[in-house]
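Asks: Here is the input, now give the coordinates:
(one chain, ligands or ions: 1)
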Amino acid sequence: QAATQALLYLDGVNVSFSGFRALNALSLVIEPGEMRAIIGPNGAGKTTMMDVITGKTRPDQGEVLFRGTHDLTRLDETAIAGLGIGRKFQKPTVFDSHTVGDNLLLSLAGPRSPTNLLFGRLRPDAAERIDEILAVTRLGAQRDRLAGALSHGQKQWLEIGMLLAQEPALLLVDEPVAGMTDAETEATATLLREINKTRSVVVVEHDMHFVRALGVKVTVLHEGSVLAEGPLDAVSADERVIDVYLGR
Ligand code: ADP
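Replies: Numbering: from 1, shown residues only. Okay, here's the model as predicted:
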């Protein structure tokens, strides 16, 4: 039941690196339309979990289902991206010597493979889509600036915009506010809430002010498993979570 109705369903996922359990019977359910924040101390398994969902790492054991039918453990990264799972890494990888508008145009040609950049067909509504993405990411005024001239925060938003061009049903975002100013952090929370009106989002983040601003259900990972889950206030009052964060 849970497996077939979930957007993303992980059950009993194990990943070992030379004998070390990075994920240990990890189970996680993301509902359609949900935005979830994933927190946890360094080494908790957050990156490994994202790697498993995107097909970068194959689990030793366990189930990873997308929309109840697609077994992600049997698909490669390209196939998983093609199902509508987009991932934003921590470091922005925009094309610095192209304008903001052209960066978005390039990503509308398809995922950033060399073939797509050279031969990708532009959709007929490309101009409209670019306007929409510029509005959501609040980069309208930056359209003709070189991406290399953007602030750190603006580059992150541009990269999120480039992912939106692929129309992902599920957007995975890795520490989006690292290195951002308070104002940029605030704006990123607003941006992700806006995106979440039409897409599901999973955000891995350390910054608790940001997680609070998102205002969504939180999953705490620890030693490769879920330690606690619920509203931020509830999990941050949980003795086990406090122990883990204080290293007791
Ligand atoms: P987090 O993102 O929560 O900080 P990670 O998923 O990066 O945690 O790492 C979980 C654990 O797995 C860590 O102890 C890390 O050292 C280990 N680990 C991650 N990737 C590898 C790898 N490729 N080889 C060996 N150990 C790894």
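Asks: could you dump stretch 179-194 to CSV, C-alpha only?
Replies: Presented in CSV, the C-alpha positions along stretch 179-194 are these (Å, rounded to 0.1, in the frame of the first residue of the first chain):
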residue,chain,number,x,y,z
GLY,A,179,27.7,29.8,2.0
MET,A,180,24.7,32.0,1.5
THR,A,181,23.9,35.3,3.3
ASP,A,182,20.8,35.3,5.6
ALA,A,183,18.8,37.2,3.0
GLU,A,184,19.8,34.6,0.3
THR,A,185,18.9,31.7,2.7
GLU,A,186,15.5,33.3,3.3
ALA,A,187,14.9,33.8,-0.4
THR,A,188,15.9,30.1,-1.1
ALA,A,189,13.3,28.9,1.4
THR,A,190,10.7,30.9,-0.4
LEU,A,191,11.9,29.7,-3.8
LEU,A,192,11.7,26.0,-2.8
ARG,A,193,8.3,26.5,-1.3
GLU,A,194,7.2,28.0,-4.6
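Asks: Return the mean pLDDT over it, rounded to an integer.
Replies: Averaged across stretch 179-194, pLDDT comes to 96.
Asks: With stretch 16-29 instead?
Replies: 96.
Asks: what residue ranges in this protein are flagged as low confidence?
Replies: 1, 110-122, 248 (pLDDT under 70).
Asks: just the helices in it please.
Replies: 2-5, 46-53, 77-82, 100-108, 114-119, 126-136, 152-164, 182-195, 208-214, 232-237, 239-246 (DSSP state H).
Asks: Now distance to the ligand and mean neighbour count too, for these, in a markdown table please.
Replies: C-beta here means a position set from N, CA and C on the backbone, and glycine is covered the same way. As requested, the helices of the chain are exported to a markdown table (distance: least, C-beta to the nearest ligand atom, whole Å; neighbours: other C-beta atoms under 10 Å):
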| stretch | distance to the ligand | mean neighbour count |
| --- | --- | --- |
| helix 2-5 | 24 | 12 |
| helix 46-53 | 3 | 22 |
| helix 77-82 | 16 | 15 |
| helix 100-108 | 26 | 23 |
| helix 114-119 | 26 | 11 |
| helix 126-136 | 27 | 17 |
| helix 152-164 | 18 | 22 |
| helix 182-195 | 19 | 17 |
| helix 208-214 | 15 | 17 |
| helix 232-237 | 16 | 15 |
| helix 239-246 | 12 | 13 |
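Asks: Dump those to TSV, plus distance to Gln61.
Replies: Shown next, in TSV, are the helices of the chain (distance: least, C-beta to C-beta, whole Å):
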stretch	distance to Gln61
helix 2-5	16
helix 46-53	11
helix 77-82	19
helix 100-108	35
helix 114-119	34
helix 126-136	39
helix 152-164	30
helix 182-195	32
helix 208-214	30
helix 232-237	27
helix 239-246	24
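Asks: Of those, which is nearest Glu223?
Replies: Minimum separation from Glu223 across these (C-beta to C-beta) falls at helix 239-246, 8.7 Å.
Asks: Once you drop chain neighbours, what's closest to the residue nearest to the spatial centre of the chain?
Replies: By C-alpha atoms, centre = their mean, the chain has its centre lying nearest to Leu172, at 1.5 Å. Excluding its sequence neighbours, the residue lying closest to Leu172 (C-beta to C-beta, 6 or more residues apart in numbering) is Arg87, at 4.3 Å.
Asks: Measure how buried that neighbour is and give me the count.
Replies: As a burial measure, Arg87 scores 20 neighbours (other C-beta atoms under 10 Å).
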